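Asks: missing the sequence, but the structure's below:
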């Protein structure tokens, strides 16, 4: 498959007057997604430490963010979810959320194929060329006991902590969306509310971030495999 990769040092000259549309659907050899990076990022009343971003910094962040989502699509995360119940004084916890693999910025198969300025943001289409092993991993997310789910996750504008960076915020909102997706799936499949559940979850596509009612929000689609459900009767 022929494609044109756009190195970071070159992306300053590739802003299109009218960006072409790209298919982000299923392809056995390459996955693709769209990322938006704000040139003037604010976290509540706190500006980013590099505010305003240069185009080079914005381009680097776009690829770093794309790498996070490609990692989530190919490898996914393992999770352990203590569902909690207020009546019994049991707290809800989704703290065990471990990545099963990582694509790093600078990976030679990670590329920027188009970028443009729009509404004080950098819009980037990125893609990733899958190895044969990664193609097989992608296929496992579409077979067997894997189920599809979608959810919206939230996080304070300042992030999970007062000094959170942009990537920490992205991870926190995604984690909350994953929790919401698993919770909704359990409600639909379990007659009695379980105490806990464990399994694996991956992104089905790039998520969409936005601000809603004074919070960061993300709409995300997932593939979910629940391997273990623990009923309250076991305790």
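Replies: Perfect, I can see it now. Given the structure is predicted, the values throughout are model-derived calculations rather than measurements.
Asks: give me the below-cutoff pLDDT ranges for the chain.
Replies: Low-confidence segments of the chain, defined by pLDDT under 70, span residues 1-26, 190, 233-235.
Asks: grab the longest strand from it for me.
Replies: The residue-count maximum for a strand in the chain (DSSP state E) belongs to strand 215-230.
Asks: buried set for that strand?
Replies: 216-218, 220-226, 229-230 (16 or more other Cβ atoms under 10 Å). Glycine gets a C-beta too; all of them are placed from N, C-alpha and C.
Asks: distance-wise, check residue 146 relative to residue 181.
Replies: Separation of residue 146 from residue 181 (Cβ to Cβ, to the nearest Å) stands at 13 Å.
Asks: common neighbours of the two, please.
Replies: Shared between the contact lists of residue 146 and residue 181 (criterion: Cβ atoms under 8 Å, 6 or more residues apart in numbering) are residues residue 224.
Asks: spit out the contact partners of residue 76.
Replies: If you count contacts by Cβ under 8 Å, 6+ apart, residue 76 has them with 99-100, 141, 200-203, 223.
Asks: for it, give its distance to residue 177.
Replies: Residue 76 is 13 Å from residue 177, by Cβ to Cβ.
Asks: from the chain's centroid, how far away is the longest helix belonging to the chain?
Replies: Determined from DSSP state H, the single longest helix within the chain is helix 166-189. Its chain's C-alpha centre and that of helix 166-189 lie 10 Å apart, by Cα atoms, centre = their mean, to the nearest Å.
Asks: summarise which helices and strands it is packed against.
Replies: With contacts defined as 3 or more Cβ pairs under 8 Å, 6 or more residues apart in numbering; DSSP states H and E, the packing partners of helix 166-189 are helix 55-74, strand 77-82, strand 93-99, strand 147-156, strand 196-203, strand 215-230.
Asks: mind listing what's buried in it?
Replies: 166, 169-183, 185-186.
Asks: taking strand 147-156 as reference, get the angle to that helix.
Replies: In terms of direction (axes from the mean of the first three to the mean of the last three Cα atoms, to 10 degrees), helix 166-189 departs from strand 147-156 by 130 degrees.
Asks: quick one on the thing from earlier: show me which of the contacts of residue 76 are buried.
Replies: Using 16+ other Cβ under 10 Å as the burial test, these include 141, 200-203, 223 as buried.
Asks: re the thing from before, now the buried residues of strand 215-230 in a markdown table, with distance to residue 38?
Replies: Listed next are the buried residues of strand 215-230 as a markdown table, based on distance: Cβ to Cβ, whole Å:
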| residue | distance to residue 38 |
| --- | --- |
| 216 | 12 |
| 217 | 15 |
| 218 | 15 |
| 220 | 19 |
| 221 | 23 |
| 222 | 25 |
| 223 | 29 |
| 224 | 30 |
| 225 | 34 |
| 226 | 35 |
| 229 | 40 |
| 230 | 41 |
